[in-house]
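Novice: Okay, sequence plus prediction incoming.
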Amino acid sequence: MNIAVLGAQWGDEGKGKIVDLLTPNFSIVARYQGGHNAGHTVYAGGRKFVLRLLPSGILHDGITCVIGNGVVVDPQALFAEIDELAKAGISIGDRLIVSDKAHLILPYHRELDLLSEARRGERRIGTTSRGIGPAYEDKIARRGVRVGDMANTDTLSSAIRHNVEARNRLIGDSVMDADQVLADLRAAWTRMAPWVADVSLFLSRARADGRSIMFEGAQGTLLDIDHGTYPYVTSSNATIGGVCTGLGLPPRAIDGVLGVAKAYTTRVGEGPLPTELTGDLGNRLRETGQEFGAVTGRPRRCGWYDAVALRYAVRVNGLDALALTKLDVLDGMEELQICTSYRCHGKTLTEFPGEIAQLGACEPVYESLPGWTHPTAGARRYADLPKAAQGYIARLEELTGVPAAVLSTGSAREDTIIRDESVAAAWFGK
C-alpha cells in the first residue's frame with residue numbers, strides 16, 4: 001500500500017506529525033516537491049524537531065528517505081539539517097537518497113528572491129526569500145543546475161559562469177565570484193555524492209519488490225502553483241499530481257490519499273483568506289495554537305474552518321480521508337463557526353472560485369455550532385471527546401464529504417485518535 005499525505009489548506013496543517021505517525025508502517029518516505037521554505041514540526045521523545053528538506057520519516061531507524069526531482073535543494077541547508085540531527089543522536093547514514101534530477105538552489109537565487117520581492121512593493125507574495133522561486137524559474141527557463149551536474153566539471157562550470165555573469169549584470173552594486181560558487185559546489189558534491197541516485201528507478205524497483213512507500217507533500221493545496229490562490233502561491237505542485245512529476249512514478253503507484261487539515265484555518269503571507277479573524281478571536285487562535293512559522297517565525301493569519309476550501313481540496317486531490325489536527329486549540333470556546341459557502345457580489349458560491357479578485361471579494365457564510373468546555377487536549381479515544389466536539393467533527397465530515405479518520409489532540413505522537421472504522425485505519429496498522 002502506497003499513500004500520499006498532503007496539505008488540504010494553505011500549508012502548516014501538521015503534516016509532519018501525521019507522516020511521523022504513519023512512518024512505522026512504511027519502508028520508504030519520499031518528498032516530491034518544495035524546498036527548505038516548508039518546515040515540518042515533529043515532537044518525538046520529548047524533543048522538538050523542525051525538518052525542512054528531509055522527509056519526516058527520517059526520525060525512525062531503518063526508514064529510507066527520498067528527496068525527489070520535484071524538490072529544489074540548497075546543499076548547505078541540507079547539510080545543516082543533517083548536522084542538527086546528528087547532534088541530537090540521529091544518524092542519516094545510507095538512509096537518504098537524493099534525486100540526480102533535483103535542481104539546486106544557489107547563492108544568486110537567494111539574492112534574486114530578495115530583489116524580486118522588494119520590487120513587487122504592494123504586490124509582494126510574502127515568500128521566505130530562500131531562493132526557492134528563482135530556482136524553479138531557472139528550471140523552467142532551462143538554465144537551472146541539477147544535483148547530477150555537480151559530477152560533471154565542464155557542464156557545471158559552464159552553467160555556473162553563465163548564471164553568475166547574468167546575476168552580476170542584474171545586480172550592479174556587488175559582484176559574485178563564480179570561482180567561489182564552483183569551489184563550494186565541488187565541496188558539496190564530495191559530501192552529497194553517496195546519496196545521489198536515479199529516484200524514479202529506485203522507487204520503481206522498490207515497488208516491484210513490494211516495499212511500501214509514503215509520499216510526503218510540503219505546503220498545501222491552496223498554495224499549489226496551478227491550483228492554488230495564484231499568484232499568492234508557492235512555486236511547485238503541492239497537490240496530488242506533484243507525486244508523479246516530482247518522483248517519476250505513474251498515477252497507479254498511489255493507492256490512497258490522506259489530506260491534512262486544521263480544525264480551523266491559517267495561512268502565512270499575502271493573499272485572500274475569506275474566514276480570517278482579527279482582534280481577540282484571531283489572537284486567541286494564534287496564541288493558543290502557537291501559530292508562528294516553523295522556519296521563519298512569522299505569525300500566521302487565523303480564521304474559522306473553511307468547508308468551501310476543503311471541498312475544493314477533496315476534489316483536486318481525490319482525498320480518501322482527512323487527518324484533522326489541532327482540535328484541542330478550540331477547547332473552551334463557547335461557540336464555533338464553520339464557513340459553508342461564500343457571498344460574492346450578491347450571489348452565493350458553494351464552490352471555491354479560481355479567480356483571485358473574486359475570492360478576495362468573497363464574504364463567508366457561517367453556520368454556528370456549540371463549543372465545549374471539557375478539554376480534548378491529550379484525548380486518545382474518540383469516546384473521550386466531548387459530545388459537542390464529536391458533533392463539530394461530524395458536521396465537518398458532512399460538509400467536506402470525506403471522513404475525519406485521524407484526530408490530533410496535541411503535539412505529542414501519542415495525542416492522536418485513529419478511528420478504527422475509518423478507511424485510513426489500515427494505513428496506521430490498525
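Specialist: Sure thing, it's come through.
Novice: need the strands for the stretch 251-400 of the chain, in chain order.
Specialist: 256-262, 265-267, 301-303, 305-306, 321-325, 335-344, 347-349, 363-370 (DSSP state E, counting those that start in this stretch).
Novice: how about these in TSV, adding distance to Leu223?
Specialist: Glycine gets a C-beta too; all of them are placed from N, C-alpha and C. Shown next, in TSV, are the strands of the stretch 251-400 of the chain (distance: least, C-beta to C-beta, whole Å):
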stretch	distance to Leu223
strand 256-262	13
strand 265-267	8
strand 301-303	13
strand 305-306	14
strand 321-325	17
strand 335-344	19
strand 347-349	21
strand 363-370	20
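Novice: Format those strands as TSV; extra columns: mean neighbour count.
Specialist: Formatted as TSV, the strands of the stretch 251-400 of the chain follow (neighbours: other C-beta atoms under 10 Å):
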stretch	mean neighbour count
strand 256-262	26
strand 265-267	24
strand 301-303	23
strand 305-306	27
strand 321-325	26
strand 335-344	18
strand 347-349	11
strand 363-370	15
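Novice: what residue ranges in the stretch 101-250 of the chain are flagged as low confidence?
Specialist: Applying pLDDT under 70 to the stretch 101-250 of the chain picks out residues 116-128.
Novice: what about the helices in it?
Specialist: For the stretch 101-250 of the chain, the helices defined by DSSP state H, counting those that start in this stretch cover 107-120, 132-140, 153-170, 178-192, 199-208, 241-247.
Novice: want to throw those helices into JSON lines with mean neighbour count and distance to Gly68?
Specialist: JSON lines is the format used below for the helices of the stretch 101-250 of the chain (neighbours: other C-beta atoms under 10 Å; distance: least, C-beta to C-beta, whole Å):
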{"stretch": "helix 107-120", "mean neighbour count": "17", "distance to Gly68": "19"}
{"stretch": "helix 132-140", "mean neighbour count": "22", "distance to Gly68": "13"}
{"stretch": "helix 153-170", "mean neighbour count": "15", "distance to Gly68": "21"}
{"stretch": "helix 178-192", "mean neighbour count": "15", "distance to Gly68": "15"}
{"stretch": "helix 199-208", "mean neighbour count": "16", "distance to Gly68": "5"}
{"stretch": "helix 241-247", "mean neighbour count": "23", "distance to Gly68": "4"}
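Novice: Among these, which comes closest to Gly89?
Specialist: helix 178-192 (20.1 Å; C-beta to C-beta).
Novice: what distance separates that closest one from the centre of its chain?
Specialist: The chain centroid and the centroid of helix 178-192 are separated by 29 Å, computed with C-alpha atoms, centre = their mean, to the nearest Å.
Novice: quick one: contacts of it?
Specialist: Residues from elsewhere that reach helix 178-192 (C-beta atoms under 8 Å, 6 or more residues apart in numbering): 75-76, 78-79, 98, 104, 106-108, 147, 150-151, 156-157, 160-161, 164-165.
Novice: Show me the domain layout of the protein.
Specialist: Structural domains assigned to the chain are 3-100+196-253, 103-192, 261-428, following automatic domain parsing.
Novice: Which residue, neighbours along the chain excluded, lies closest to the residue positioned nearest the centre of the chain?
Specialist: In the chain, the C-alpha closest to the average C-alpha coordinate belongs to Ala218, at a distance of 2.1 Å (C-alpha atoms, centre = their mean). Counting by C-beta to C-beta, 6 or more residues apart in numbering, Ala218 lies nearest to Gly34, which is 3.3 Å off, once chain neighbours are set aside.
Novice: What is the burial count for the closest residue to Ala323 other than its chain neighbours?
Specialist: Counting by C-beta to C-beta, 6+ apart, Ala323 lies nearest to Val406, which is 3.7 Å off, once chain neighbours are set aside. Neighbourhood size, Val406 [other C-beta atoms under 10 Å]: 26.
Novice: sorry, back to before: got TSV for the strands of the stretch 251-400 of the chain, with mean pLDDT and distance to Gly14 too?
Specialist: As requested, these are exported to TSV (pLDDT from 0 to 100; distance: least, C-beta to C-beta, whole Å):
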stretch	mean pLDDT	distance to Gly14
strand 256-262	98	6
strand 265-267	96	10
strand 301-303	96	14
strand 305-306	98	14
strand 321-325	97	4
strand 335-344	98	19
strand 347-349	96	28
strand 363-370	98	22
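Novice: Compare those and give me the one nearest Pro250.
Specialist: Closest to Pro250 of the strands of the stretch 251-400 of the chain is strand 256-262 (C-beta to C-beta; 15.2 Å).
Novice: picking up where we left off before, who does the residue nearest to Ala218 form a beta bridge with?
Specialist: On the basis of DSSP bridges, Gly34 is bridged to Val71.
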